[in-house]
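J.: below is the structure, and that's it, no one-letter string:
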Ligand code: AGP
């Protein structure tokens, strides 16, 4: 996700834009840019790096006067972070300029058509395609910018929040959104307008704001009311609301949530949707992943897949072991980066190594793939940061489009990693003929339902708070799961440990009798993932062993399962889904449980003691 901020009015735009970008850096910070109109020229400056780097560069290279302008702080989705790929982007005529937050799925098709009409491109971004598409339509239809934006967006597939300026009509800004937020701050008597991804850039200038709805385009022109249109229709939208903003600056940055971690837990439906957007075509029965499609043979003929990662990413790799072996029937080994790099592993060019890393900078994982590459293996990276070291070191890869994950405890990274891995396992399973077409289609359709099922699950938050209150002062926790949910038990334990500092261990449920059951007594809360899919009866007998020793039982059950609920001190119901997708759901209540316990214990949830968001050292 990126940060957009713009201004049109009677003040100097530059300081407002720079301050606004600084407040939006939490949305993305790999590159930044600013454009100003000084009454004659469009002056544009941009750079790889942070807003502070932009400020230094802009004040050296462009005049910073002008009462219209906008800026962008980027979280790359297409094109690595560098000068040409950073926003704003000019059209070929250099009359139009745009900033964009989102993903244009059909940008490749549009780009080919524009190239055939003589357009040339400087960047790898979907955004530069969009601004030239708007320019081409404006030229062909001989229409104003607003109409050209409407016509262009009617043919665009994807998600966007855009801000567009036309030098030939320099008294207005055009704004549009589908799937990415954008707000319009309204100055007194329409003498100025502020446009931004959220209200943080303009909260001190005005409390009056319009939040565009999906599929709407707006024109902000000095001295006139904002005009709003449906993108696909001509008629104006009259019944929009001007909201009175009540939130503080800090509250807005966190989307109104108390911590980034909670915000990121709640972002998971969107993050998963954004991750499969453009890749999962369930109705056509297609999975398109260029990083995989271009190297399918390497996977199809692999002796085995070795998955390397650390922490939560290693847990995602463990889920993938079940996915790939169960669905694609490809042998998998999962390795900690730190162990793999030093144990002199046997690696051949028939091996495929998948590196999983949210930051793309974890030193042990990076070293592991360098070793694998040196021995001829094919390396595929799954990262959340475009252009990160692991992403650049890998031969190919797929980005999770989770947006920046600020909280040290990984949440949306975990579920988006599993989303990518599920798509890969399904695609390979289908290609290898290991799953029937009807089963394959059922999987694809069910994956589409997961974001909605997580939305339902998030409604359990109040109930989970009650459970957290009961167990916030214990010293130990056990987490048990079987099959696909064994890695979720490990992940749930890690979440609790790292933010609440309560000792917790995750185990395969059946492993209890090989030692850990000695720990069970009335003071030991045991979280058991007991969904109906996969070894349910076996888990029920493990639960009976726990109850026989007076363990406190917190169960994660499939909705409507009264059997386990009656055996539990507390239970949390999750919607029914297919077994391979249960980790995407069962992890949600465990994230919330660890979050609320940590908050109740007064811990620093977003920056837990001793931890860093990215472990770039051994
Ligand atoms: C998980 O909540 C932790 N923040 C940590 O275990 C993390 O998953 C690990 O350091 C790996 O980070 P990466 O995904 O950026 O490589």
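T.: That came through, no problem. All figures in this text were calculated on a predicted structure; none of them were measured in a lab.
J.: can you get me a residue count around residue 455?
T.: 14 (other CB atoms under 10 Å). In this view, the C-beta of every residue, glycine as well, is placed from N, C-alpha and C.
J.: now do residue 208
T.: Going by other CB under 10 Å, the residues that sit close to residue 208 add up to 15.
J.: show me what contacts the nearest residue to residue 245 once chain neighbours are set aside?
T.: The spatial neighbour of residue 245 that comes closest, neighbours along the chain excluded (CB to CB, 6 or more residues apart in numbering), is residue 207 at 4.5 Å. By CB atoms under 8 Å, 6 or more residues apart in numbering, residue 207 lies in contact with 244-246.
J.: equivalent analysis for residue 291, please.
T.: Shown in contact with residue 291 (CB under 8 Å, 6+ apart): 380, 396-398.
J.: these two touch, right, residue 380 and residue 394?
T.: Yes: with contacts counted by CB atoms under 8 Å, residue 380 reaches residue 394, the gap being 5.9 Å.
J.: list the residues that contact both of these two?
T.: residue 355.
J.: between the two ends of stretch 560-576, how far is it?
T.: Stretch 560-576 has an end-to-end distance of 9 Å (criterion: CA to CA, to the nearest Å).
J.: what's the answer for stretch 93-112, then?
T.: Across stretch 93-112, the terminal residues are separated by 18 Å (CA to CA).
J.: same question for stretch 540-558.
T.: End to end - CA to CA - stretch 540-558 spans 13 Å.
J.: pull the distance from it to the chain's centre.
T.: Distance of stretch 540-558 from the chain centroid (CA atoms, centre = their mean, to the nearest Å) equals 34 Å.
J.: next one: stretch 11-18
T.: In terms of CA atoms, centre = their mean, the centre of stretch 11-18 is found 30 Å from the chain centre.
J.: quick one: mean pLDDT over it.
T.: For stretch 11-18, mean pLDDT rounds to 98.
J.: make residue 1 into 139 and carry on from there
T.: Sure, I'll start numbering at 139, so the last one becomes stretch 149-156.
J.: that one: which residues count as buried?
T.: 151-152, 154-156 (16 or more other CB atoms under 10 Å).
J.: what's near enough to touch the residue in the stretch 239-388 of the chain that the ligand sits nearest to?
T.: Using CB to the nearest ligand atom, residue 241 is the residue of the stretch 239-388 of the chain that sits closest to the ligand, at 21.7 Å. For residue 241, the contact set (CB under 8 Å, 6+ apart) comprises 215-216, 264, 296-298, 412, 415-416, 539.
J.: likewise for residue 490?
T.: Contacts of residue 490 by CB under 8 Å, 6+ apart are 436-437, 440, 442-444, 515-518.
J.: and the residue of the chain found nearest the ligand, how many neighbours?
T.: The minimum distance from the chain to the ligand, using CB to the nearest ligand atom, falls at residue 449 (1.8 Å). Here the number of neighbours of residue 449 (other CB under 10 Å) works out to 22.
J.: in terms of contact, does it touch residue 632 like I think?
T.: Yes: the criterion here is CB under 8 Å, and residue 449 meets it with residue 632 at 6.7 Å.
J.: right, and the helix or strand after the helix or strand hosting residue 634?
T.: Using DSSP states H and E, the element containing residue 634 is helix 624-638. Sequence-wise, the next helix or strand downstream of helix 624-638 (DSSP H and E) is strand 641-646.
J.: what angle sits between that following strand and helix 624-638?
T.: Computed by axes from the mean of the first three to the mean of the last three CA atoms, to 10 degrees, the angle separating strand 641-646 from helix 624-638 equals 180 degrees.
J.: please see if strand 641-646 touches the ligand.
T.: No: counting by CB under 6 Å from any ligand atom, the ligand has no neighbours in strand 641-646; the shortest distance is 12.8 Å.
J.: list the helices and strands that strand packs on?
T.: When contacts are defined as 3 or more CB pairs under 8 Å, 6 or more residues apart in numbering; DSSP states H and E, strand 641-646 packs onto strand 614-619, helix 624-638.
J.: distance check, residue 717 against residue 429.
T.: 26 Å (CB to CB, to the nearest Å).
J.: check residue 161 too.
T.: Between residue 161 and residue 429 the distance is 34 Å, computed by CB to CB.
J.: kindly report the same for residue 557.
T.: In terms of CB to CB, residue 557 sits 14 Å off from residue 429.
J.: buried stuff in the helix or strand containing residue 284?
T.: Assigned by DSSP H and E, residue 284 belongs to helix 283-292. Residues 283-291 are the ones in helix 283-292 that count as buried (16+ other CB under 10 Å).
J.: so which of those comes closest to residue 313?
T.: residue 287 (8.9 Å; CB to CB).
J.: contacting residues around residue 218?
T.: Applying CB under 8 Å, 6+ apart to residue 218 gives the contacts 262, 524-525, 530.
J.: ok, and the most crowded of those?
T.: residue 524 (22 neighbours).
J.: quick one: that residue is in a strand?
T.: No: per DSSP: H, G, I helix; E, B strand; the rest coil, residue 524 lies outside any strand segment and is coil.
J.: nearest spatial neighbour of it, skipping sequence neighbours?
T.: residue 214 (3.4 Å).
J.: check contacts around that neighbour.
T.: 166, 168-169, 223, 523-525.
J.: show me what counts as buried in the least confident helix or strand in the chain by mean pLDDT.
T.: The weakest-scoring helix or strand in the chain, judged by mean pLDDT, DSSP states H and E, is helix 387-391 (a mean of 74). Under the neighbour-count criterion of 16+ other CB under 10 Å, helix 387-391 has 390-391 buried.
J.: next secondary structure element downstream of it?
T.: Using DSSP H and E, the next helix or strand after helix 387-391 towards the C-terminus is helix 398-404.
J.: tell me where the stretch 639-756 of the chain has strands.
T.: Assigned by DSSP state E, counting those that start in this stretch, the strands in the stretch 639-756 of the chain fall at 641-646, 663-668, 690-696, 708-712.
J.: can you confirm residue 224 is in a helix?
T.: No: read with three-state DSSP, residue 224 is coil and lies in no helix.
J.: correct me, but it touches residue 167?
T.: No: between residue 224 and residue 167 there is no contact under CB under 8 Å: 11.4 Å.
J.: who are the neighbours in contact with the residue nearest the centre of the chain?
T.: The centre of the chain sits closest to residue 540, judged by CA atoms, centre = their mean, with a distance of 0.8 Å. By CB under 8 Å, 6+ apart, residue 540 lies in contact with 405, 409, 412-413, 496, 522, 550-551, 554.
J.: rerun that using 7 Å as the cut-off
T.: By CB atoms under 7 Å, 6 or more residues apart in numbering, residue 540 lies in contact with 409, 413, 522, 550-551, 554.
J.: what does residue 452 give?
T.: Counting by CB under 7 Å, 6+ apart, the residues that residue 452 touches are 472, 474.
J.: switch to 8 Å and redo it
T.: Here residue 452 is in contact with 446, 472, 474-475, 494 (CB under 8 Å, 6+ apart).
J.: closest one to residue 461 out of these, please.
T.: Once CB to CB is applied, the member of these that ends up nearest residue 461 is residue 472, at 11.4 Å.
J.: looks like the closest one contacts residue 457 (just checking).
T.: No: when contacts are counted by CB under 8 Å, residue 472 is not listed as touching residue 457 (9.3 Å).
J.: more neighbours, the two?
T.: residue 457 (29 against 21).
J.: report back the residue of the chain that's furthest from centre.
T.: residue 686 (42.6 Å).
J.: what does this structure put close to the ligand?
T.: 448-451, 495-497, 500, 503, 546-548, 636, 752-753.
J.: from those, list the buried ones, please.
T.: Members of the residues of the chain next to the ligand classed as buried by 16+ other CB under 10 Å are 448-451, 495-497, 500, 503, 546-548, 636, 753.
J.: narrow those to those in strands?
T.: Secondary structure from DSSP state E places residue 495 of these in strands.
J.: which one of the buried ones among the residues of the chain next to the ligand is nearest residue 354?
T.: residue 496 (32.9 Å).
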